[in-house]
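**Q** Predicted model, plus sequence, below.
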Amino acid sequence: MVKLRLKSQALPGTAWIAACLVGTYLAMSYDFTPGKLGPQRTGWPMETDYSYSGILMEPPTKTTVLAFLHPRCACTRATVKQLVKTLEAHPGADLIVPVFTPLAGADQQAWEHSEYVKTIRAAIPNATIIWDRGGIQAWRFGALTSGTILVYDGRGQELFRGGITDRRGGERENLGLERLARLLAGEQVAEAAPTPVFGCPLVAPAQQPKMEAEK
Amino acid sequence: MSAAHAEKIFRSHLTTIERRTDRMFFWLLIGQWLFAIGIALVWSPRTWIAQYWSVNQHVIAATVLGGLFAAYPLYLIIRKPGAPYTRHMIAIGQMLQSALLVHVTGGRIETHFHVFGSLALLSFYRDWRVLLTGSAVVYVDHVLLGLWFPLSIYGVPAATIWRAVEHAFWVVFEVVFLVMACRTGIQELRAIAEREAALRDSNQDLEGRVEERTAALQEKITELELLNQVMMGREERILELKREANDLCKQVGTPPKYRV
């Protein structure tokens, strides 16, 4: 009788625990699966056949941080927090923030009205915000995921590529953040693989072949 | 005093505590589930692919997973309140809800306080085994996270890994003292039950003696009432005789001899 009762209890309990494990795995895989970075670049992209002009056409003359952000992605909050904290601790580098907005057919003002942009402007008044229509610049720089941080030196050489959060919306310390801080502090950081970026895609997959063709 | 009586009282008190704690977790599990959904809706309602959005996975996780984590413990609380199996499943569900809250808040360190709070709440059962189940869930959660997503451990600097070890130390620290508190709580409950049993036994003795005395008094009252009745009967007979004597006096023409 006791054995039977134990069996009748253990079966639904085991099934429940198994379902919880599967659910947890699925939920965590969303949090810990990094986004795509896009084509790897070694330096400042010099292609001139993009029909877009502006500040990003010329390579920088001093250490410059590029932060590609989606203005409505929830994960951007953590990236902005980490970025502002690091740049406040190590000032000196230029900050350029290409913020995604749709190409057309959307209320641009509504897209440009972003709390994240306000936070950056309030914390780093010298930051340059540019509106990256359709994610063209994100594609050009190989930064297909919101939260991608690129660091270039004064000769346009890429020093850092990757994310600075430990997971989607994660605010814990992580290797990307550590490397960025060390670079901005003037330390030499051995070249390493890009750190994972957790955020929303800046270019829709359907749009990518079209952009590749236009390149 | 009988040990069996004390044991019975002890079990009764313990069952009351266990069922009361079950009820507390019933509402807590539902509350945490709704709280996780609320957090996800406020913190990360949508996910975007360029200009296209869909409901964020955190909202889905909070709704579906939160419901799943709470469902089985809630069912057991309704069907088998107070059972050891129920509270162990509650411990698993509660710690999984902690993990869910950490998940929907992007792994915020502050949300990890929920783990410590949950362990403290589980100690309300005064069953140290439940604390071990809760701690095991925390441990397994971290081990699986490391196995499934090495990035969650290896993607952070060594200092952060040591901080996780530090957190584990504080969990162990808390559990050690909670286990001690549980054991003390049980000992105190047993002592209370023994005192209550002794008091009840003493009351029973007293009640027995009161009953004996009451019965004796009742016997005396009955005797006195009988005596009283006899006396009353005799009084009546005397009056009757006096009246008869007076009647006889009247018949012989002499005045009545007695005043009646």
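**A** Cool, got the structure.
**Q** Please name the residues that touch the residue positioned nearest the centre of chain A.
**A** Note on chain A: the residue nearest the mean C-alpha position is A:Gly147, at 1.5 Å, using C-alpha atoms, centre = their mean. Going by C-beta atoms under 8 Å, 6 or more residues apart in numbering or on different chains, A:Gly147 touches A:35, A:67-69, A:73, A:75-76, A:78-79, A:163-165, A:197-199. All C-beta spots, glycine's among them, are computed from the backbone N, C-alpha and C.
**Q** Please report phi then psi for it.
**A** Main-chain torsions, A:Gly147, degrees, to the nearest 10: phi 100, psi 0.
**Q** doesn't A:Phe160 fall inside a strand?
**A** Yes: A:Phe160: assigned to a strand according to DSSP: H, G, I helix; E, B strand; the rest coil.
**Q** Per-residue confidence, it, what does it come out as?
**A** Confidence at A:Phe160, expressed as pLDDT, is 93.
**Q** Mind listing the residues bridging to it?
**A** For A:Phe160, the beta-bridge partners are A:Val151 (DSSP bridges).
**Q** neighbours around residue 151, how many?
**A** In the absence of a named chain, chain A is used. Counted with other C-beta atoms under 10 Å in any protein chain shown, residues neighbouring A:Val151 total 22.
**Q** ah, no, chain B please
**A** Burial of B:Leu151 is recorded as 20 neighbouring residues (other C-beta under 10 Å).
**Q** List the contacts of the residue lying closest to B:His167 once chain neighbours are set aside.
**A** In space, and not counting its chain neighbours, B:His167 is closest to B:His112: 6.5 Å by C-beta to C-beta, 6 or more residues apart in numbering or on different chains. B:His112 makes contacts with B:98, B:102, B:167, as judged by C-beta under 8 Å, 6+ apart.
**Q** Can you report how many residues lie near the first one?
**A** Taking other C-beta under 10 Å as the criterion, the count of residues near B:Ser98 is 25.
**Q** wait, it sits on B:His114?
**A** Yes: assessed by C-beta atoms under 8 Å, B:Ser98 is found in contact with B:His114 at 4.6 Å.
**Q** Give the buried residues for the longest helix along chain A.
**A** The longest helix of chain A (DSSP state H) is helix A:2-32. Neighbour counts over helix A:2-32 (16 or more other C-beta atoms under 10 Å in any protein chain shown) mark A:9, A:13, A:16-17, A:20, A:23-24, A:27-28, A:30-32 as buried.
**Q** next one: stretch B:194-211
**A** B:194, B:196-197.
**Q** For that stretch, give me every contacting residue.
**A** Stretch B:194-211 is contacted from outside by B:1-2, B:5-6, B:9-10, using C-beta under 8 Å, 6+ apart.
**Q** helix, strand or coil for B:Val64?
**A** Assignment for B:Val64 (three-state DSSP): helix.
**Q** In stretch B:46-58, which residues are buried?
**A** Per 16+ other C-beta under 10 Å, stretch B:46-58 contains these buried residues: B:46-51, B:56-58.
**Q** Likewise for stretch B:175-187?
**A** Going by neighbour count (16+ other C-beta under 10 Å), the buried part of stretch B:175-187 is B:175, B:178-179, B:182, B:185.
**Q** Among the residues you listed, which ones are in helices?
**A** In helices, judged by DSSP H, the following of those are found: B:175, B:178-179, B:182, B:185.
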